[in-house]
Structures are given as C-alpha cells and as structure tokens.
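>>> Structure, please.
(2 chains)
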Amino acid sequence: MLVKQISVFVENKFGRLSSVLKTLADHNIDIIAMCIADTTDFGILRMIVDHPTEAEKSLKAQGFTVKSTSVIAVAVEDSPGGLSKAVDVLKDTGIIIEYAYSFAKGCDGNSARAILRVDKPEEAIDAFLQNDVEVLDATHIYEE
Amino acid sequence: MFQPEIESMSRDKLVALQSERLIKLVKNVYDNVPHYRAKMDKIGMTPEDVKSVEDLHKLPFTYKTDLRDTYPFGLFATDMEDIVRIHASSGTTGKQTVVGYTANDIDMWADLIARALTNIGATKKSIVQVSYGYGLFTGGLGAHYGVEKLGASVVPTSTGNTARQIQTMVDFGVTNIACTPSYALYLAEEIIARGLKDKIKLQSGVFGAEPWTEEMRREIEDKLGIKAYDIYGLSEIMGPGVSFECECQNGLHVQEDMFIAEIIDPVTEEVLPYGEKGEIVFTTITKEGLPLIRYRTKDITSLTIDKCACGSTFARMAKPSGRSDDMLIIRGVNVFPSQIEGVLLNVGKTAPHYMIIVDRKNNLDTLEVQVELSEEGFSDSVKYVEKISKEIGAAMQSTLGISAKITLVEPKTIARSEGKAKRVIDKRHLS
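Sure thing, here's the model as predicted:
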C-alpha cells in the first residue's frame, strides 16, 4: 500500500527545474503530483509520476541526483475537515509527518487526495485502516 | 629607531656579526639537534665547514616537513625545561606546526616588535591596542610583549567583539593598533558608520599576518586617518617582527642581526642575487629554542641593500607577492586546499569534486566550498540534506579554525580537468 515518490536535487540556478521537466517529457513521463521544498541554496523536487522506475533511470542518466522514497496516499472527503480527520489519526501514535502535498488525479466531486511522508509508514497505514481512512494502493495512481 | 646601534650598524660590521653567529648556530644544532646532525652527516658536512656567511649556501635547507616529521618538539635545541612558550600554526595535514621559545627568545622577539613599533612612531607614552588573536597563534602574544618591552601601554583586546573594541579605542585614547589589514578595514567601516572617526586618537598601525596591497593601505590610511605600516613574520622563524616597514613605507627591513635572508629559485633552490624575485629563506642566528637553518618560507619576494632614508642598514624585502605553494591565507589563518579535501573525504556523502572559492566581502575574507552532492548523501527530506552541509561546515570550522560556507551542487557541475585540478578560485585581487 506504499506509493513510490521520486525526489530530485535541484540547485537554485536558472533552468534547472526546466531541465528536469524536459527530461521527463522526453521520456514520455507524466507527472501526477509534485511539490518543491525550497531552501536558500537548493530545492528538492518531489513527484509522483506514472512510471517511477523509468523516471528515476532517465533522470539519473541525465546526471541528476535522484532518490526513490515510499510515501502514503490517502483519499479523504473533499469538504472542510476532510484531511484534518485523517491527520488526527496519527496524533497520538508518535508517528512524525515529514511533509505532505495534495493531488487531483482520480478525485471525483466528493473526494480529495494527499501524499504523506511519515517516518513509520507501515504503522501509519495500520492506524489509518483501523480508523477508516482510505489508503490508496499504488495501482490506483500509476500503472507500473 | 628602538636600537639604533644595532639597526644602523655598517654592512661590514653586520656581515661579520652574522658570520660569528652563524658559526655558533651550526655548531649548536649539530651538537644538540639529532635531525640536523643527520642532515649534515648525510652530505658529509661538519660545523668546521662553515667559517662565514659565505658558506651558508653549503648548508641544507629546512622544510615544513622537517617540523612535521619531528612533531612536536623534535627540532628544539634546548631541554624542555628551558622552553618557556610554545606556539603553533596550521600544518598541511592535520598536524600543526609547533615552535618553542626560551626566555631569551621571548625577549629578542619583544625587541623586534619594539623596533617595529618605534618605526611607526610609538613611544613609552603610546597606548597600543593588540587586536591580533591571542592564543597558539603568534600574532597576539608576539605583539603584546613587544608593546610592553617598548614601555607603551598595551590594550590586549584580541579579535572579535568589534563594538567593544571600538568603544575601548575611543575611551582609552588608543594611539596605535596591531591587527590584520582586513580587520583594520572592518574596524574603519564600523567606526565611520558610528560617526566616531573624529573621536579616535589613532595615529598609526602595524598590520600583517596576511598579504595586502598598496590599495588596501591607502584605504586603511584614508578611512582611519592614520599611517599604515606592514609587518611580516612566520612562527617558524619567530612570529611577527621578522621584517617590518620604516617611515618610508617602501620595503620591509629584515632584522638581519637575528635572521640571515636569502632569495632562492623555488624549483632549483639556487641562491639569487639582490633585486631578483624568488622564495625567501631565513636562517635564525640568535634563537635558542628552535634555531632553523635556511628555512623555506614559500613566500615570494625580492631583497635589496640599497640605502634607506630612515637610516637602517638592514636589507629590505618587497611586500610578499604570493606563495610558491598552494597555501591560502584567509582572515589571517593559513589554509591548505589539502586540508579542505581531507575534511570532505572524511565526512563523505559527497562526490570527490569540489571548488574552493575565496572572496572578500565588506573587507573580510570569505571562504566557500562547493561540493557535489552524491547519491548516497541525497534524501527526499530537506533536513537530511541540510544536515550534510552542516556536518561538513562544522568539520571545516574545527579543522581549519575558520568558518566556511558549504554549498552543495549538482553532479558534474564542478569543472573537471585533464591535469592538476584547479581547486581554488581566489577572487581577491591581492597582487
């Protein structure tokens, strides 16, 4: 029930983000979700793509520094409190949420989806399932 | 002059004095320093082969590696009980360069500084602020004892706490200062920013421990409204005071009653004539603790015995224009690229491709180390990536003694080279 996320190290220089995106485009890779964590000197571009293994390979071939991480995708109600209810499940578990971001693919009018990176993924998934929070399988998001 | 009978003795008398002292020196190290005895035995030399300064060229050179190989006290010519002070400066590989002084050495060193201070107009009535670092570094304590020898009032502020330094300078009516040229510029700007230029009583200063240009001298003189004089030295030879300027500000007088200077070709080691540029080599003819023969400084300069209007007959060396090795002087601290490389390799998590960028911002030297992040070091989480640069930064600070900005860059962005990698970009225009 874990989802593969690709992270890319991007220096704060003109054209770097563009170069990453072009490489993905050239290899026919579609970005499903993304966010960039920025610092003074560099950024980390995190993405969920439709072919993560292929994406990792092609980016590395272009000289980028890439890492693959397991993250959790949850589906919640698209209404006030939807995500809050899910995150609350982890409140007393001692599980740390490192970062989170949302994405739209597969959402219908009533649902919203988010990616969560936690320090103890298996435990987090158990906690979610026990508390009726829908955890998406990778197959719900990408093909491979 | 502080000691005119010495500083202006005739060249003939000086050379005779040097010869007399050289003979004693060679016998001393041959008898008391096994490392030197071995060096001389190796080339079949005995002390009797040295009858005057003319025979100096027969003696072997001493290199920084000789000090490193005998670390820490192997080159001392006296018993430890006679050593009253130990100083140290950075060495290339983790090991510091250690020097030792007897009570007489400390006294002679103080005379050197007193001479330098007299040259800049200081007297018993002066109030001299020593803003060189106090510690293992020879700058602070070296200058300090010289001020006391002169009989002036020393204000031992050391480095740092600029606001307090300036307040002290104003409140105490400080008349002279000793610090690095870049710190002087920094102080100048702070003084001007606080509108205190008219409140300071500074007349002159003696500046060294790092290379500085005539342009920087003009700036210091204009901004502080003082005369700025150059002083040179290295801990192996004594510390600051081996040579220094006079009122003419046209070359640094080597204190030849204590040091014999030669200029050599850094590659062939051939002695060069007066006027030619090369590496300056010193032989210490009065030191007791750590006497050195023909020590290669790696500093590039030239010597002249042309008459100087100040009356000193001591030879003058030109402001050093660079080094014959890759050592950098950043904020007055010796830094070798190999030390930086060592830190990077030790911490790991980066690729073995780096660039050292030295610059000057707001009159203070800056050091940046750009290094390529490796796959191993990368993480999806910012805090882990930042942790690497922090770890490298802390290791740099602790190894080099100064802080460096660590910039992680993408792979293949550091220029590769065919031959010897150019690892340093020095943006300060110092020569």
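
>>> Could you find the closest non-adjacent residue to the residue in chain B that chain A sits nearest to?
Of all residues in chain B, B:D380 sits closest to chain A, at 3.8 Å by C-beta to the nearest C-beta. Where C-beta positions appear, they are placed from N, C-alpha and C, glycine not excepted. Spatial nearest neighbour of B:D380, chain neighbours left out: A:S7 (3.8 Å); criterion: C-beta to C-beta, 6 or more residues apart in numbering or on different chains.

>>> Now do the contacts for the one you found.
Taking C-beta atoms under 8 Å, 6 or more residues apart in numbering or on different chains, we find A:S7 in contact with A:I44, A:L45, A:R46, A:M47, A:V66, A:K67, A:S68, A:T69, B:F378, B:S379, B:D380.

>>> any idea how far the nearest residue to the third one once chain neighbours are set aside lies from A:A25?
This points to A:R46. Once flanking residues are discounted, A:R46 sits nearest to A:S7: 4.9 Å by C-beta to C-beta, 6+ apart. Distance from A:S7 to A:A25, counting by C-beta to C-beta, to the nearest Å: 19 Å.

>>> tell me which element the residue nearest to A:R46 falls in.
Assigned by DSSP states H and E, A:S7 belongs to strand A:3-11.

>>> Test my guess that B:V424 contacts B:L328.
Yes - using C-beta atoms under 8 Å, B:V424 makes contact with B:L328 at a distance of 6.8 Å.

>>> what sits up against the host helix or strand of B:Q397?
With elements taken from DSSP H and E, the one containing B:Q397 is helix B:382-400. Here helix B:382-400 makes contact (C-beta under 8 Å, 6+ apart) with A:9, A:37, A:39, A:41-42, A:44, B:90, B:94, B:333, B:335, B:339-340, B:342-344, B:346-347, B:349-350, B:367, B:369, B:371, B:373, B:377-379, B:403-408.

>>> Next step: these restricted to strands.
A:9, A:37, A:42, A:44, B:333, B:335, B:350, B:367, B:369, B:371, B:373, B:405-408 (DSSP state E).

>>> Quick check, A:E143 in contact with A:H51.
Yes - using C-beta under 8 Å, A:E143 is in contact with A:H51, at 7.1 Å.

>>> so who does B:K39 touch?
B:P60.

>>> Please export the C-alpha coordinates of the strand or helix carrying it as CSV.
Taking DSSP H and E as the definition, B:K39 sits inside helix B:34-42. C-alpha atoms of helix B:34-42 as CSV (Å, rounded to 0.1, in the frame of the first residue of the first chain):
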residue,chain,number,x,y,z
PRO,B,34,69.8,15.0,16.0
HIS,B,35,67.7,15.8,13.0
TYR,B,36,70.2,18.5,11.9
ARG,B,37,73.2,16.4,12.7
ALA,B,38,71.7,13.7,10.4
LYS,B,39,71.0,16.2,7.6
MET,B,40,74.6,17.4,7.8
ASP,B,41,76.2,14.0,8.1
LYS,B,42,74.2,12.9,5.0
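
>>> Report the mean confidence score over that helix.
Helix B:34-42 shows a mean pLDDT of 97.

>>> following that helix, which helix or strand comes up?
Downstream of helix B:34-42 (by DSSP H and E), the next one is helix B:64-69.

>>> Can I get stretch B:134-145 in CSV? Just the C-alpha atoms.
The C-alpha trace of stretch B:134-145 is given here as CSV (Å, rounded to 0.1, in the frame of the first residue of the first chain):
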residue,chain,number,x,y,z
TYR,B,134,45.8,35.7,21.5
GLY,B,135,46.4,32.0,21.7
LEU,B,136,48.6,29.5,20.0
PHE,B,137,48.8,31.9,17.1
THR,B,138,52.0,34.1,17.4
GLY,B,139,50.3,37.4,16.5
GLY,B,140,48.6,38.4,19.7
LEU,B,141,51.2,37.4,22.3
GLY,B,142,54.0,38.4,20.0
ALA,B,143,52.8,41.9,19.6
HIS,B,144,51.8,42.1,23.2
TYR,B,145,55.2,41.5,24.7
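
>>> Point out where chain A drops to low pLDDT.
A:144 (pLDDT under 70).

>>> Now do the strand or helix carrying B:T297, average pLDDT.
According to DSSP H and E, B:T297 maps onto strand B:295-301. The average pLDDT for strand B:295-301 rounds to 95.

>>> And the contacts of that strand?
Counting by C-beta under 8 Å, 6+ apart, B:61-64, B:234, B:236-237, B:263-264, B:266, B:277-284, B:317-325, B:327 sit against strand B:295-301.

>>> likewise stretch B:144-160?
B:2, B:106-107, B:109-114, B:116-118, B:122-134, B:140, B:164-165, B:168, B:172, B:174, B:176, B:178-179, B:183, B:241.

>>> Among those residues, name the buried ones.
With burial judged by 16 or more other C-beta atoms under 10 Å in any protein chain shown, the buried subset of the contacts of stretch B:144-160 is B:2, B:106, B:109-114, B:116-118, B:122, B:126-134, B:140, B:165, B:168, B:174, B:176, B:178-179, B:183, B:241.

>>> Just give the number of residues close to B:N346.
By other C-beta atoms under 10 Å in any protein chain shown, the residues close to B:N346 number 10.

>>> what do you get for B:G251?
22.

>>> interface residues of chain B facing chain A?
B:373-375, B:378-382, B:385-386, B:389, B:407-413 (C-beta under 8 Å from any C-beta of the partner chain).

>>> Just the buried residues of those residues.
Among the residues of chain B next to chain A, the ones that count as buried (16+ other C-beta under 10 Å) are B:373-374, B:378-382, B:385-386, B:389, B:407-411.
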